[in-house]
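Asks: Everything below, folded, please.
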Amino acid sequence: MLFGMVLALLGIFATATPALADEDDPYRISGNVQLDGEPLEGVVLIVDGPGGEQEVETDENGQWRVGVPERGETYVVTLDEDTLPEGIAVVEEGVENPNVKEVEMGQGGRVTVNFFIGEGERNVTSFFDQFMQRLVQGISFGLMLALAAIGLTLVYGTTGISNFAHGEMVTFGAIAAYFLVAPATLALPWWLGYPAAVILSAALGLVLDMILWRPLRRRRVGVVQLMIVSIGLSLALRYTFQLFIGGGTLQLPPLGGESIPLFGAVQMTVTDIASLAISIVVIVAFALWLTRSRIGKATRAISDNPSLASASGIDVDAVVRVVWIVAGALAGLAGILYAYYRPGIKWDMGAQILLLMFAAVVLGGLGTAYGALVGALIVGVLVEVSSLWIPADLKYASALFILIVILLFRPQGILGRRERIG
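Replies: Here you go, the predicted structure:
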C-alpha cells in the first residue's frame, strides 16, 4: 500500500512539472544567443514566473524556447553565464544585471528575449555565497512547508487518516485570501483580509469534519477506505476551485519586493522576511499550545493511544474537531505564504506540494508534530540547495530521494517510534 501511495504521489508530481515549448503552445517565450553572428549551443536559460521555474538550453542554432501558462503576467529570464565560453559575458551598458531580463507576456502570446554577448568580465557569485543564499531560502521554504505538514500529521495522529485533500485545504487558504484582499474583489486591507482567510480555512476544516469525517468515524470505516475518500475529496475540491477561478494564475497584492541584505551576499525580499517571521511565530505558538494547554495535552494523548485517552475521560470527538480546525487554519496560512513564494495562485497549487508535505511527515515520523517540523526543514533545505547541482525541474525529486534513503535505515522516521505490526 505504501508503494502504491508513493506511485500516486509521483504521478501528482509528474503532472506539476512544466514541459518545454512546442510549436503549438499558445504562449511562448523564445530567443537567440549568438556571439558575433555565430550561434552559441548549450547555453542555459532559466525562466521563472507563474507556473514555476523552467530551465532550457540553446540548440545548435543558438535558439531556445519555453511554454508558459499565462499571458498578461511577468516572467524573469536569466541567462546562466557559467555556461558561456571562457572570457565571454552578457554585456549591456547602464544595466546592472544584463543577464537577467523581465518580460511581460502580451495578448499575442509570443515574446522574444535576446541577450547581448561579448567579451567582458562576469559578475560571478562564489559557490559559498550561492550555497548560503539557497540555505536561507530553504529554511524559509521549510518553515512554510512545516505549517501545512504539521496539520497533516496532527490529523493522521489523531484519526489515522492519510488526508490527500490537505493540499486543497492549502489552495483554499490562498483563494480565500485573494477574494478578500484583491482590488478586483472585496479589496480589504491585507492585515484584515489574511487573518479572515485563515479563519475561513479553519471553518473549512470544521465543516469537513462535521459533514464527512465524523460520520465515517462513527461508522468505523477502515483506514484504506478513508484514504480513498480523501483522494475523491481532493479531486472534487480541486476541480471545484478550477470552476470558480479558471485555469489561470491569480496574484495577491504585492507587499514589498525590494531585496534587503542580511549578511554576506545573502539577500531576502521584505515579503520573504515577513513569511519567515510569521512561520516562526506561529510554529512557536503552536508548540506552546501543544505542550501547555489542556487540549494540546489531550491531542498528544489521543495520538499516543486513542482508546486509553477515551477511557481516561477525554472527549475524543471534541479534541479531533479542534484538530481539524487547527489543521485547516495552518493549511490556510501556508497557502497564503506559498502564493507569495511561487508566486501566484492556481487551482492545483496545493497538489503540487502534496508530495513534499507527505515527504516531510514520513521523514520526521508519522503522527509527530515535531517530526513534521524537522522533516519539513530538511525537505525545504534539500529542495533549494539541490538546485546548485541538479536542474531546477528536478529539485523536488531530491526530497523523495532522501525520504527513501532515510526510510531504508529508519523506517519509523527521524522522531517516530518503532512499532510492531501484527
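
Asks: end-to-end on stretch 115-126?
Replies: Across stretch 115-126, the straight-line distance between its terminal residues is 23 Å, by C-alpha to C-alpha, to the nearest Å.

Asks: and that stretch, average pLDDT?
Replies: Predicted confidence along stretch 115-126 averages 63 (mean pLDDT).

Asks: Over to stretch 261-269?
Replies: For stretch 261-269, the mean pLDDT works out to 81.

Asks: contact partners of that stretch?
Replies: The list of residues contacting stretch 261-269 from outside it, by C-beta atoms under 8 Å, 6 or more residues apart in numbering, reads 125-126, 129, 132-133, 136-137, 140, 256-260, 276. C-betas here are computed from N, CA, C, even on glycine.

Asks: Save those residues as a markdown table, and put in neighbour count, distance to residue 397 and secondary structure too.
Replies: Formatted as a markdown table, the entries for those read as follows, by neighbours: other C-beta atoms under 10 Å; distance: C-beta to C-beta, whole Å; DSSP: H, G, I helix; E, B strand; the rest coil:
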| residue | neighbour count | distance to residue 397 | secondary structure |
| --- | --- | --- | --- |
| 125 | 12 | 25 | coil |
| 126 | 10 | 26 | coil |
| 129 | 13 | 25 | helix |
| 132 | 17 | 23 | helix |
| 133 | 20 | 21 | helix |
| 136 | 19 | 22 | helix |
| 137 | 21 | 18 | helix |
| 140 | 23 | 21 | helix |
| 256 | 12 | 32 | coil |
| 257 | 11 | 29 | coil |
| 258 | 8 | 33 | coil |
| 259 | 13 | 29 | strand |
| 260 | 12 | 32 | strand |
| 276 | 19 | 25 | helix |
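
Asks: partners of the host helix or strand of residue 77 in the sheet?
Replies: Residue 77 belongs to strand 74-79 when assigned by DSSP states H and E. For strand 74-79, the paired strands and their directions (DSSP bridges) are strand 44-49 (antiparallel), strand 100-104 (antiparallel).

Asks: Tell me the gap between the longest one and the middle of its chain.
Replies: Right, the one you point to is strand 44-49. A distance of 18 Å separates the C-alpha centroid of strand 44-49 from that of its chain, computed with C-alpha atoms, centre = their mean, to the nearest Å.

Asks: same deal with the last one?
Replies: Chain-centre distance of strand 100-104: 24 Å, with C-alpha atoms, centre = their mean.

Asks: And that strand, what's buried?
Replies: 101, 103 (16 or more other C-beta atoms under 10 Å).

Asks: what does stretch 200-212 give?
Replies: Of all the residues in stretch 200-212, those buried under the rule 16+ other C-beta under 10 Å are 200-202, 204-205, 208-209.

Asks: now could you export just the CA positions of it as CSV?
Replies: In CSV, the C-alpha atoms belonging to stretch 200-212 read as follows (Å, rounded to 0.1, in the frame of the first residue of the first chain):
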residue,chain,number,x,y,z
LEU,A,200,-12.3,30.7,6.8
SER,A,201,-9.8,27.9,6.3
ALA,A,202,-10.3,26.8,9.9
ALA,A,203,-14.0,26.8,9.3
LEU,A,204,-13.5,24.6,6.2
GLY,A,205,-11.7,22.1,8.5
LEU,A,206,-14.6,22.1,10.9
VAL,A,207,-17.2,21.7,8.2
LEU,A,208,-15.4,18.8,6.6
ASP,A,209,-15.1,17.0,9.9
MET,A,210,-18.8,17.6,10.7
ILE,A,211,-20.3,16.5,7.4
LEU,A,212,-17.8,13.9,6.3
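
Asks: which residues sit against that stretch?
Replies: Identification of contacts with stretch 200-212 by C-beta under 8 Å, 6+ apart yields 165, 169, 172-173, 176, 229, 233, 320-321, 324-329, 331-333, 335.

Asks: What about the residues you listed, which are in helices?
Replies: Mapping the contacts of stretch 200-212 onto helices (DSSP state H) picks out 169, 172-173, 176, 229, 233, 320-321, 324-329, 331-333, 335.

Asks: Which of the contacts of stretch 261-269 sits closest to residue 239?
Replies: For residue 239, the closest of the contacts of stretch 261-269 turns out to be residue 140, at 31.0 Å, with distances computed as C-beta to C-beta.

Asks: ok, now which ones touch the residue most central in space within the chain?
Replies: Computing the C-alpha centroid of the chain and ranking residues by C-alpha atoms, centre = their mean puts residue 353 first, at 4.7 Å. With contacts defined as C-beta under 8 Å, 6+ apart, residue 353 is in contact with 145, 148, 167, 170, 338.

Asks: Which of those residues sits closest to residue 73?
Replies: Set against residue 73, the nearest of these by C-beta to C-beta is residue 338 (17.4 Å).

Asks: what residues are up against that closest one?
Replies: When contacts are counted by C-beta under 8 Å, 6+ apart, residue 338 is found next to 144, 170, 174, 349, 353.

Asks: And residue 47, by the same measure?
Replies: Applying C-beta under 8 Å, 6+ apart to residue 47 gives the contacts 29, 53-56, 66, 68, 75-78.
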